[in-house]
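Asks: take this sequence and fold it.
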Amino acid sequence: LSTESRRQSVNLDRLESLRDDLKAINAAIVYPLILSDRLELIVVTPQAPPLRYTVDVREEELHQTIQAFRRDLKDYTSNPLPNAQQLYQWLLAPLADDLEQSGVSTILYAPDSRLRYMPLSALHDGNQWVAETYQVNMITSQSLQDVNHQPTSEPTVLAAAFADANQAHEVNVGQTRSELKGLPHAAREVALLTAGQPHHQMLLNQEFSVNAIAPVANEYAILHFATHAVFNPDDPDNSFILFGNGDTLTLSDIPNWSLIDVDLD
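Replies: Okay, here's the model as predicted:
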């Protein structure tokens, strides 16, 4: 598939080669590409070669609906169903028959652009939520090289938190200088996460720094950061993670870490 997508491209031969792996884990790949005048959907199931569907929705309208849906999810007084159902019609309805006929229980979802900031499992088909039918695992396009990777039985975990509610760090958020305070329950969160894990390290507040994390990051299968972050989908240099000592790390820097899995909370 050749498109003018600015963000990610699809190698159909590579997707075709993954079908045996998909059969082993009873999963299908859903791969959307946002173009200026339409949405292209690629679905790969264990039983069929990659299939392509074109959805007539402009990029601006899709982005506006994603933003509205995110606002719905943050406001408990808002009704998310209209936007949840509209997004379902664009993203999953064209693939519904293929997914049902394949009998898969899991969707491996490789979202494009602002779709990364919207939970596919929270969409609604008019009768039920996607989460009631499928387990959804969000992956990057790079992860498609090995969708059958199995985690170790005892994962190594590096958990860190900016948890001092009496401390604040000043950072630039867009054109504004903002003060971000520690998260009061973050220490308990990482303590519960690492409890019972034989191979773990926990860093809090001033210990949680780029200099402390960077040299050992590749030694852990899972990184869990309970802290603030700013995500700008159009500018990774202005998207960053805040560390407990006030350090920041941009999304442009993260690919240099060669991580297996990163969980940013």
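Asks: in this structure, what residue spans correspond to helices?
Replies: 12-17, 19-25, 59-74, 81-91, 96-102, 186-194, 210-213 (DSSP state H).
Asks: need those in CSV (columns: distance to residue 45 and mean pLDDT).
Replies: (Each C-beta comes from the backbone N, C-alpha and C, glycine too.) Shown next, in CSV, are those (distance: least, CB to CB, whole Å; pLDDT from 0 to 100):
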stretch, distance to residue 45, mean pLDDT
helix 12-17, 11, 60
helix 19-25, 7, 79
helix 59-74, 24, 92
helix 81-91, 16, 96
helix 96-102, 4, 93
helix 186-194, 34, 87
helix 210-213, 39, 90
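Asks: would CSV of the ones you listed with distance to residue 127 be doable?
Replies: Shown next, in CSV, are the helices of the chain (distance: least, CB to CB, whole Å):
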stretch, distance to residue 127
helix 12-17, 30
helix 19-25, 26
helix 59-74, 18
helix 81-91, 10
helix 96-102, 11
helix 186-194, 35
helix 210-213, 45
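Asks: tell me which of these lies nearest to residue 170.
Replies: helix 210-213 (17.0 Å; CB to CB).
Asks: pLDDT below threshold where in this protein?
Replies: 1-17, 140-154, 173-174, 233-236, 252, 254-265 (pLDDT under 70).
Asks: about what we covered before: let's have the helices of the chain in CSV, adding mean neighbour count and distance to residue 125.
Replies: Listed next are the helices of the chain as CSV, based on neighbours: other CB atoms under 10 Å; distance: least, CB to CB, whole Å:
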stretch, mean neighbour count, distance to residue 125
helix 12-17, 14, 25
helix 19-25, 16, 22
helix 59-74, 15, 15
helix 81-91, 19, 5
helix 96-102, 14, 7
helix 186-194, 17, 33
helix 210-213, 16, 41
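Asks: and residue 171, which of those is closest to it?
Replies: Comparing those under CB to CB, the one sitting nearest is helix 210-213, at 13.8 Å.
Asks: now do the same contact list for the residue sitting furthest away from the middle of the chain.
Replies: Ranked by distance from the centre of the chain (CA atoms, centre = their mean), the top residue is residue 166, with 30.4 Å. Taking CB atoms under 8 Å, 6 or more residues apart in numbering, we find residue 166 in contact with residue 182.
Asks: same thing with residue 158?
Replies: Applying CB under 8 Å, 6+ apart, the residues near residue 158 are 200-201, 203, 213, 216-217, 219-220, 222-224.
Asks: list phi and psi for the residue nearest to it when sequence neighbours are not counted.
Replies: Among residues not flanking residue 158 along the chain, residue 220 sits closest, at 4.1 Å (CB to CB, 6 or more residues apart in numbering). Backbone torsions of residue 220, given as degrees, to the nearest 10, read phi -120, psi 140.
Asks: residues contacting residue 220?
Replies: 156-158, 201.
Asks: same thing but at 7 Å, please
Replies: Going by CB atoms under 7 Å, 6 or more residues apart in numbering, residue 220 touches 156-158.
Asks: and for residue 162?
Replies: Contacts of residue 162 by CB under 7 Å, 6+ apart are 182-183, 186, 205, 208, 227-228, 242-244.
Asks: same question for residue 241.
Replies: Here residue 241 is in contact with 225, 227, 229, 248-249, 264 (CB under 7 Å, 6+ apart).
Asks: so which of those residues wins on neighbours?
Replies: Within these, neighbour counts (other CB atoms under 10 Å) peak at residue 225, which reaches 25 neighbours.
Asks: so that residue touches residue 163, yeah?
Replies: No: applying CB atoms under 7 Å, one finds residue 225 not in contact with residue 163, separated by 11.4 Å.
Asks: which pair of the contacts of residue 241 spans the longest distance?
Replies: Longest span within the contacts of residue 241, CB to CB: 248 and 264, 13.2 Å.
Asks: strands of the protein, start to end?
Replies: 27-34, 39-45, 48-55, 106-109, 135-138, 157-161, 168-173, 176-181, 200-204, 222-226, 229-230, 240-242, 248-250, 262-264 (DSSP state E).
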